[in-house]
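Participant: pasted the sequence and its predicted model underneath.
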Amino acid sequence: MARDTTDFRPIEGVDELVAYLAEGNKPREKWRIGTEHEKFPFYVDGNSPVPYGGDRGIRALLEGMQRTLGWEPIVDAERIIGLVEPTGQGAISLEPGGQFELSGAPVETIHQTCREGNAHLAQVREIAEPLGIRFLGLGGSPKWTLAETPRMPKSRYDIMTNYMPKVGTKGLDMMYRTCTIQVNLDFSSEEDMRRKMQVSLKLQPLSTALFANSPFTDGHANGLQSWRGDIWTDTDNQRSGLLPFCFSPEFGFADYVEWALDVPMYFVIRDGHYHDMTHITFRQFMAGAAHKELTDGMPTIGDWANHLSTLFPDVRLKRFLEMRGADGGPWRRICALPAFWVGLLYDAEALDAAEALTKSWTYEEVLAMRNAVPAQGIGAPFRNTDLREVSREVLAISRKGLKNRARLNRDGYDETTFLSTLDEVVARGTTSAQEMLNAYHTRWGGSIEPAFLEYAY
């Protein structure tokens, strides 16, 4: 999310919160694809982290991009922390450790997504290279310790940083040392949302496996293929992970609202100031629990929107669905991730097939898969086979969906071409993480420094 919301319409009751989600319903012709990707900035000299301040820091990078793009600055406590396109067609924001994120415009095809990503990387290179900065496409920070990682001056991150160690062992690593590629997709109705939520929750561990790309921590191999995936097993389990109630055949907007109401809040914004609200749930907030901290202690629609953005399940429901399972990766992965999910969820025949494939998968089976994937990747077991074989079936469904969409580029190619990097993973039987580990143990000579060359944008 590029910037936090300030919408001061008061909330009268729970029905409004359900209606807020239902307002996301859109007819098929208005479905869009919103892709987000994060990357680690680093100084080419020494492969060292980039701080916020200074003549060659993150602030200078953002100011340079503002001059180049003409986008409006996002400011927090008088410091620039991001940029937004004036008509709402995309934004650039900072994750807690300086990870640079593009939140892409809502587009109609993966071809447009890929063009957008390429244009962004070209623009950011133009500004960053004179500063001696490049960007790394991995799912986990491979070299710098948590103590060495810079901290961005963003108010919500201060609140999260204080809170995370109270609710899990890996929350600070999640905040400061991981990157993801994410796609945001639409639904037409509550039933359509339910089907897409259930299919994508069940297949999210498979996405983590296919995109596994974080095998190094603190300069060494960490014994995992997706360190990022492992981090999410103990970040803040009240607001994260696989949601068992979503597996119900009756699951709907109201069920998600009931869950969200009982998750502790992070903050509310009043007069531009962030107030720490981690001691109460949204339900308690609605019952008046914040009157001591706030002059007007009653919740607003903006508070609800911000609260929804601080929940971290594997698939997040807002007024669209966010696919959150994938590690960050090389530029081809930026196009592959949305292609994978659009193929599965935006074509009726493909969604039927994906639903049929996963219909009998239980919460317990998917949880076991989710827990096995960080170490085992596509070799993780599932029933009487492994995820490599399941991937073949799922990619075939996704390919069929993209073929049925028949969205052609100017050269006459459809969107199936963007799955090729995932086809290679399945054909080889090795993830990107395993390929990196092979290089680390052979031609890299036990050093992770070559990753900054080979996986830089």
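Facilitator: Yep, that arrived. Here the structure is a predicted model, which is why all the values come from computation and not from measurement.

Participant: so in this structure, which helix runs the longest?
Facilitator: Looking across the chain with DSSP state H, the single longest helix is helix 190-210.

Participant: what is that helix packed up against?
Facilitator: Contacting helix 190-210 under the criterion 3 or more C-beta pairs under 8 Å, 6 or more residues apart in numbering; DSSP states H and E are the following elements: strand 315-317, strand 321-327, helix 331-345, helix 348-358, helix 363-376, helix 387-405, helix 420-428. Where you see a C-beta, it was placed from the backbone N, CA and C, and this is true even at glycine.

Participant: packing partners for whichever strand in the chain runs longest?
Facilitator: Secondary structure assigned by DSSP state E gives strand 33-43 as the longest strand of the chain. Under the contact criterion of 3+ C-beta pairs under 8 Å, 6+ apart, strand 33-43 touches strand 48-49, strand 100-103, helix 110-128, strand 133-136, strand 180-185, helix 331-345.

Participant: give me that answer again for 6 Å
Facilitator: strand 100-103, strand 133-136, strand 180-185, helix 331-345 (3 or more C-beta pairs under 6 Å, 6 or more residues apart in numbering; DSSP states H and E).

Participant: quick one on the thing from earlier: what residues sit buried inside the longest helix of the chain?
Facilitator: Judged by neighbour count using 16 or more other C-beta atoms under 10 Å, the buried positions of helix 190-210 are 190, 192-210.

Participant: returning to that earlier point: columns mean pLDDT and distance to K318 on top of the helices and strands packed on strand 33-43, output as a markdown table?
Facilitator: Converted to a markdown table, the helices and strands packed on strand 33-43 look like this (pLDDT from 0 to 100; distance: least, C-beta to C-beta, whole Å):
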| stretch | mean pLDDT | distance to K318 |
| --- | --- | --- |
| strand 100-103 | 96 | 13 |
| strand 133-136 | 98 | 27 |
| strand 180-185 | 98 | 8 |
| helix 331-345 | 97 | 16 |
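
Participant: H120: which of the ones you listed is closest?
Facilitator: Between H120 and these, the shortest separation by C-beta to C-beta is 4.9 Å, and it involves strand 100-103.

Participant: stretch 381-395 - what's its average pLDDT?
Facilitator: Taken as a whole, stretch 381-395 has an average pLDDT of 98.

Participant: give me the local confidence score for K170.
Facilitator: If you check K170, the pLDDT there is 98.

Participant: so what's it up against?
Facilitator: I231, D234, T235 (C-beta atoms under 6 Å, 6 or more residues apart in numbering).

Participant: wait, is the last one part of a strand?
Facilitator: Which is T235. No - assessed by DSSP: H, G, I helix; E, B strand; the rest coil, T235 does not belong to a strand; its assignment is coil.

Participant: circling back to that earlier point, could you dump the helices and strands packed on helix 190-210 to JSON lines with mean neighbour count?
Facilitator: Putting the helices and strands packed on helix 190-210 into JSON lines (neighbours: other C-beta atoms under 10 Å) gives the following:
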{"stretch": "strand 315-317", "mean neighbour count": "23"}
{"stretch": "strand 321-327", "mean neighbour count": "26"}
{"stretch": "helix 331-345", "mean neighbour count": "26"}
{"stretch": "helix 348-358", "mean neighbour count": "17"}
{"stretch": "helix 363-376", "mean neighbour count": "19"}
{"stretch": "helix 387-405", "mean neighbour count": "20"}
{"stretch": "helix 420-428", "mean neighbour count": "17"}
